[in-house]
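J.: below are the sequence and a predicted model for it; my questions follow.
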Amino acid sequence: MSQAQLNSPKSWLVFGFAILAYISAISQRTSFGVAGIQATERFDASAQILATFSVVQLVVYAGAQVPVGLLLDKFGPRILITSGALLMAAGQAFLAISVNVPMGLAGRVMVGMGDAMVFVSVLKLLPLWFSGSRIPVLTQLTGTFGQLGQLISLFPFHMILLGVGWSAAFSIMSGFAFATFITTIAFVRNGKNWDGHGEGEQETGSRIAQAWKQPGTRLGFWTHFSTAFMINTFMMTWGYPFLVEGQGMDGALASGLMAVFVVVAIVLGPILGALTARHASQRSNIALSIVGSILALWAAVLLWPGQAPLWILVLLMVAIAAGGPASVIGFDFARTFNPPRVLGTATGLVNTGGFIGAFVTIYVIGFIMDMLHKANGSVGELYNLPAFRVALSFQFVMALLGMAFMVIERRKARRFLAEQ
Ligand SMILES: NCCCC[C@H](N)C(=O)NCC(=O)O
């Protein structure tokens, strides 16, 4: 390990440009979400087809995590971030010229694959360039800075889309991704602490098995699962319809309140980073407390007689948003329990938790809503408060499952540490 390189000015330069690539990745990921109305017109698509775009992109993202983790351990972060940026640039360029649904989907698949390569690679760079308590803080800051990407798609991208049009807006996003491809080649290095391809000689299957066998990886997976599935469920599908159709909130207010998620991530990320660095033995308790707070607020909102007042809905959103920074604790478990040669694989495994949890929850909530509507003879509104109350309660089942596994794996991880 080259100590001279750690925490050096060059470390900050590498980290800065890696973060830039991640900010770009988040802006590419979220850009389609603000272009829904234009996409419906351009592709002459139904709401279901529009939803397919998001689901396809997320399935690609989650499905790519383990292969990306394996490639990361073999080839290192620099190649992965470079390839991710190039794939996203190509995907957005393709989307800019696409005129039908299959072309649009192909573009989003490329964006999803490219996006999948960036976050875990930035995390893998951290122990190569930094040491000690800086790592958990920088892990949190990575997630926090990434939120700036969402602001890019919410504001400048959206303005260009409205003012100049689809092709120009997506071409500019493609240009942004391409710019980070160039800056990654120019400035991002694996550094002297990267052992190179020698790390990648181990069999693929055995590397996955080695990472998963480690109780710290499984604790990280269930931590990510428990903290992130509710924010993903809310942001990706059910938050907006629940606020507008279930709680009778004005659509513009509901969209505006979604910015709460960015603000909470920016404020809470560094605080949680410092807390986890200082109190490593309390990491799981911090995550469990945040999941507990989300559940308490969901219970208050769902049990509230009639529509809940605005203040409690805002509190609910703050709590759900706290799940984002809390999920980063999962990556900290992966890092502290695994040797560097399987860290990418372990991080990829952890990063699937909150997405797998969200797919299941999103689907089951929709299924329950449909069943309740059918049980009522398919009369009246599909989306209504009593139906949301029942369907959204499914989140308690998933959260309790996740928390139970966190406690089980925590016990095993502690036993593992005691035996070391
Ligand atoms: N401060 C918010 C961080 C959110 C992290 C999020 N749960 C996550 O796992 N992100 C992975 C990614 O690729 O962005």
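T.: Looks like it came in fine. Numbers count the residues shown, from 1 in each chain.

J.: near the ligand, which residues of the stretch 1-150 of the chain?
T.: For the stretch 1-150 of the chain, the contact set with the ligand under CB under 6 Å from any ligand atom comprises 119, 143-144, 146. C-beta here means a position set from N, CA and C on the backbone, and glycine is covered the same way.

J.: do that again at 8 Å, thanks
T.: By the rule CB under 8 Å from any ligand atom, the part of the stretch 1-150 of the chain lying against the ligand is 22, 25-26, 29, 61, 115-116, 118-120, 140, 142-144, 146-147.

J.: neighbours of whatever residue of the stretch 51-200 of the chain ends up closest to the ligand, how many?
T.: Proximity of the stretch 51-200 of the chain to the ligand (CB to the nearest ligand atom) peaks at residue 143, 2.8 Å away. Using other CB atoms under 10 Å, residue 143 has 24 other residues around it.

J.: what's near enough to touch the residue nearest to it when sequence neighbours are not counted?
T.: Leaving aside its sequence neighbours, residue 143 sits nearest to residue 328 (CB to CB, 6 or more residues apart in numbering; 4.9 Å). By CB atoms under 8 Å, 6 or more residues apart in numbering, the contact set of residue 328 is 139-140, 142-143, 269, 272-273.

J.: what two of those are the furthest from one another?
T.: 142 and 272 (12.5 Å; CB to CB).

J.: residue 36: how many residues sit nearby?
T.: Neighbour count for residue 36, taken as other CB under 10 Å: 15.

J.: re earlier: any idea how far the ligand is from the residue nearest to residue 143?
T.: Per CB to the nearest ligand atom, to the nearest Å, residue 328 is found 5 Å from the ligand.

J.: where's residue 273, which helix or strand?
T.: helix 259-278 (DSSP states H and E).

J.: do residue 82 as well
T.: Taking DSSP H and E as the definition, residue 82 sits inside helix 77-97.

J.: run the chain-centre distance for the next helix or strand after that helix.
T.: For helix 77-97, the following helix or strand on the C-terminal side (DSSP H and E) is helix 101-116. Averaging C-alpha positions (CA atoms, centre = their mean, to the nearest Å) puts helix 101-116 17 Å from its chain's average.

J.: what about residue 161, how many neighbours?
T.: Look at residue 161: counted by other CB under 10 Å, it has 21 neighbours.

J.: SS state for the closest residue to it other than its chain neighbours?
T.: The shortest distance from residue 161 to any non-neighbouring residue, by CB to CB, 6+ apart, is to residue 169 (4.0 Å). Under DSSP: H, G, I helix; E, B strand; the rest coil, the three-state class of residue 169 is helix.

J.: is residue 169 in contact with residue 32, as I believe?
T.: No: counting by CB atoms under 8 Å, residue 32 is not a contact partner of residue 169; they are 10.8 Å apart.

J.: the two - which one has more neighbours?
T.: For residue 169 versus residue 32, neighbours defined as other CB under 10 Å are more numerous around residue 169 (26 against 23).

J.: fine by me, we can end here.
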